[in-house]
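A.B. asks: Pasting the sequence and the predicted coordinates here, then a few questions.
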Amino acid sequence: MKRKTFLRAAMAVGLSSTLLCGALHAAPVAEHAQFEVAKHYTLGGTDGWDYVGYDPVRHHLFISRASHVQVVDTDTGRLVGEIENTDGVHGFAFVQDQKLGFITNGRADTITVVDLGTLRTVDTIKAGGPDPDGIMYALNLKRLYVSNGHDNSVSAIDPATRKVVATMPVGGKPESLAVDNDGRIFVNVEDKGEIVAMDGKANKVLAHWSIAPCEGPSGLAIDTKAERLFTVCANNRMMVIDARSGHQVAQLPIGGHPDAAAFDPALKTAFSSNGADGTLTVVHEDDADHYTVLQNVPTQVGAKSMALDDATHRVYLVSSKFGSAPAATADNPHPHASVVPDTFNVLVAQRKPQSAGN
C-alpha cells in the first residue's frame, strides 16, 4: 500500500455522493447496529505505518511500522512483542495450522516467517518479485499469494516448503487480494483501475476487469456467499463487483484516501477505512444487488488501514497526530507530515450498546 501525505489526500475529499448512483438505497439506520470508536490504545513511536493484520486465535494485532512490527494484545491493549528486521514492512498473513505468520518486507524484497506463539523469526523467504506488498493466505488452496509491487505480478508460495511455486503477471501494480470458495484469486491493480481474476489451482490469469470510474483501487474484500467483491478507490468510491462476471453492481460514496476494505459476513456489512478525513464508512448489504451506506464513523485523520475481527465485529485502526512536513527537496519532492511523538494509537471501533427496548 502507498504511504501518502494525509493532508494532501484530505484536500481531495468532498466528492458529492450524488455522483455515485449505482444500487444505493436510502439508509434505514435504525434497523442496523451502529458503530463507534470505543477504545484507544496508545503505543507511541514516530514511524509511519501501512497494513495491520489480526490473528484471531491469539487475539493479536500486527502493525507495520516501517522497519519493524508491533504486536498488540487486543484484549488488554498491551504491546506484547516487536518483530525486527522487516525493512519496508507491508502486510501480514496467518497460517494457523502451522502456527506461522508471514510478513512482506517491501524494501528488503523478502518475506519474514514468524512463530505466532513466540513471535520469533524462524525463516526469511526471498520474494517472488521486488517490493512484496499485499499478502493473503488461501486456506482452500493451502497457498499464500503475494502482490509484487514493482514487478506487476502476483506470486504463489507453498507455506509448508516456503518456496515460490508460481508467479503470474497482472499487467500493473497489484495491491490487496481476495479469494473465493472455488479457489479463484482476485487482486486490485492500482495503476490500471482493474481487478484481475486468477485461477489459483492452475496459476493462470483468467480475466482483467475494468472497474472505471474507480481510480487507484487499494483495499479489497469479498462476500464469498453472495460472490461480491468490495474495492475501495482513491476517488472516494466503493465499487461492488460481481465476482463471477466482473459486472459492476453498485457504487457507493466513501471518504478520502481509503487503503483497506473488509466484509463481516454475519452482519452483511462492508467497511472502508478512510485516512484523509478520518472516517470508517459502514455499508450494509441489503441483498446481493443493493447496498446502503449506514454510517461514516469518526475515527482519526490518518486511519487508512484496518483489520476486522468478524467474531466480535470489532474493527481495529491505527493513526497518530501529525506535525508539519519538512521542506520538499529534489530527492523527496512530496515529504510526509511528521508523526507527533507518543500519539500513535490503536482505535477500536465496535457496535454501540443497544438501548433497552431495541
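C.D. replies: Looks like it arrived, so ask away. Just so we're clear, the structure is a prediction, and the values are computed from it rather than from any experiment. Numbering: from 1, shown residues only.
A.B. asks: quick one: which helix or strand includes the spatially most central residue of the chain?
C.D. replies: The chain has Ala260 as the residue nearest its centroid, 3.1 Å off, counting by C-alpha atoms, centre = their mean. Assessed by DSSP states H and E, Ala260 sits inside strand 258-264.
A.B. asks: Am I right that the residue nearest to the centre of the chain is in contact with Leu308?
C.D. replies: No: assessed by C-beta atoms under 8 Å, Ala260 is found out of contact with Leu308, at 9.1 Å. Placement of C-beta: from N, CA and C, glycine included.
A.B. asks: Do I have it right that Thr121 meets Gly81?
C.D. replies: No: taking contacts as C-beta under 8 Å, Thr121 lies outside contact range of Gly81: 11.2 Å.
A.B. asks: Any stretches of the chain with poor pLDDT?
C.D. replies: For the chain, residues meeting the criterion pLDDT under 70 lie at 1-31, 355-358.
A.B. asks: would you list every one of the helices in it?
C.D. replies: For the chain, the helices defined by DSSP state H cover 6-10.
A.B. asks: picking that back up, may I have the strand holding Ala260 exported as CSV, CA atoms only?
C.D. replies: As requested, the backbone C-alpha atoms of strand 258-264 are provided in CSV (Å, rounded to 0.1, in the frame of the first residue of the first chain):
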residue,chain,number,x,y,z
PRO,A,258,-9.1,4.6,1.7
ASP,A,259,-6.5,1.9,2.0
ALA,A,260,-8.4,-1.1,3.3
ALA,A,261,-11.7,-2.9,2.9
ALA,A,262,-13.3,-5.6,5.0
PHE,A,263,-16.5,-7.6,5.0
ASP,A,264,-18.3,-9.0,8.0
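A.B. asks: all numbers from here: first residue = 16
C.D. replies: Yes, from this point I'll number from 16; that puts the last item at strand 273-279.
A.B. asks: So which residues of the stretch 216-365 of the chain form strands?
C.D. replies: 219-225, 235-238, 243-248, 252-257, 263-268, 273-279, 284-289, 294-302, 305-313, 321-324, 329-334, 360-366 (DSSP state E, counting those that start in this stretch).
A.B. asks: how about a markdown table for those, with distance to Gly208 added?
C.D. replies: A markdown table is the format used below for the strands of the stretch 216-365 of the chain (distance: least, C-beta to C-beta, whole Å):
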| stretch | distance to Gly208 |
| --- | --- |
| strand 219-225 | 6 |
| strand 235-238 | 13 |
| strand 243-248 | 8 |
| strand 252-257 | 10 |
| strand 263-268 | 12 |
| strand 273-279 | 15 |
| strand 284-289 | 17 |
| strand 294-302 | 20 |
| strand 305-313 | 20 |
| strand 321-324 | 23 |
| strand 329-334 | 26 |
| strand 360-366 | 29 |
